[in-house]
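**Student:** please find the sequence and the predicted model below.
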Amino acid sequence: MKDWIGLVARLVTGGVWLVAGALKLPDPESSVRAVRAYELLPEAVVPAVGYGLPVVEVIVGLCLLLGLWTRPMAVVSSLLFVAFIIGISAAWARGLQIDCGCFGGGGYDADATSKYPWEIARDVGLLALSLWLVVRPRSRFALDSRLFPHPTAREDH
């Protein structure tokens, strides 16, 4: 049963990362604007984060969907979700009216404060799935199982 839960966690989380990153790739400037809108990072690192984040999201998403390097990718996923929860919470606490930029876009959003609780709840749920995979990375239909077979106890003769 736990292998099936891991499969669902991989597919849901990996799918979200893949879609989020793929939607940002065609317009990297929008991703940079979204990162800048949070007003949390020094301007010198904003472009690197804005351009790099969609690529990282696609890589994490693909690896989780395939079940490849599941635990390390789940750790990256968990850290990203913690960062996003902190970022959205900080924007909300400071009264910023910005689109989260989670699936592209970013910048001013007049209805942002009503969306923040749902965005945080979504990310907390996805964080929980990611943490499941950190603790239990083995799941059904994962490449990890083929490439890195689980060691079995040897029989002594």
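**Tutor:** On my side now, so go ahead. Numbers count the residues shown, from 1 in each chain.

**Student:** show me where this protein has its helices.
**Tutor:** Using DSSP state H, the helices of the chain run over 2-24, 28-37, 46-66, 70-93, 112-135, 143-147.

**Student:** closest one to residue 104 among the ones you listed?
**Tutor:** Closest approach to residue 104 among the helices of the chain is made by helix 2-24 (4.3 Å; C-beta to C-beta). To be clear about C-beta, it is placed using only N, CA and C from the backbone, and glycine gets the same treatment.

**Student:** could I get the buried residue list for that closest one?
**Tutor:** Judged by neighbour count (16 or more other C-beta atoms under 10 Å), helix 2-24 contains these buried residues: 6, 9-14, 16-24.

**Student:** stretch 89-101 too?
**Tutor:** Per 16+ other C-beta under 10 Å, stretch 89-101 contains these buried residues: 91, 92, 96, 98, 99, 100, 101.

**Student:** which pair of those spans the longest distance?
**Tutor:** 92 and 101, at 14.2 Å, using C-beta to C-beta across these.

**Student:** from the buried residues of helix 2-24, pick the one nearest residue 57.
**Tutor:** Using C-beta to C-beta, the buried residues of helix 2-24 come closest to residue 57 at residue 21, 3.0 Å.

**Student:** can I get the helices of the chain in CSV with distance to residue 106 and mean pLDDT?
**Tutor:** Formatted as CSV, the helices of the chain follow (distance: least, C-beta to C-beta, whole Å; pLDDT from 0 to 100):
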stretch, distance to residue 106, mean pLDDT
helix 2-24, 9, 96
helix 28-37, 2, 95
helix 46-66, 9, 98
helix 70-93, 11, 98
helix 112-135, 11, 97
helix 143-147, 33, 92
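
**Student:** and of the ones you listed, who's closest to residue 105?
**Tutor:** So among the helices of the chain, helix 28-37 is nearest, using C-beta to C-beta, at 6.4 Å.

**Student:** which residues does the closest one contact?
**Tutor:** 24, 41, 43, 46-47, 49-51, 53-54, 91, 96, 98-101, 104-108 (C-beta atoms under 8 Å, 6 or more residues apart in numbering).

**Student:** got it, and stretch 132-139?
**Tutor:** Residues outside stretch 132-139 that contact it (C-beta under 8 Å, 6+ apart): 2-7, 9-10, 13, 64, 67, 70-71, 73-75, 77-78, 144-145, 150.
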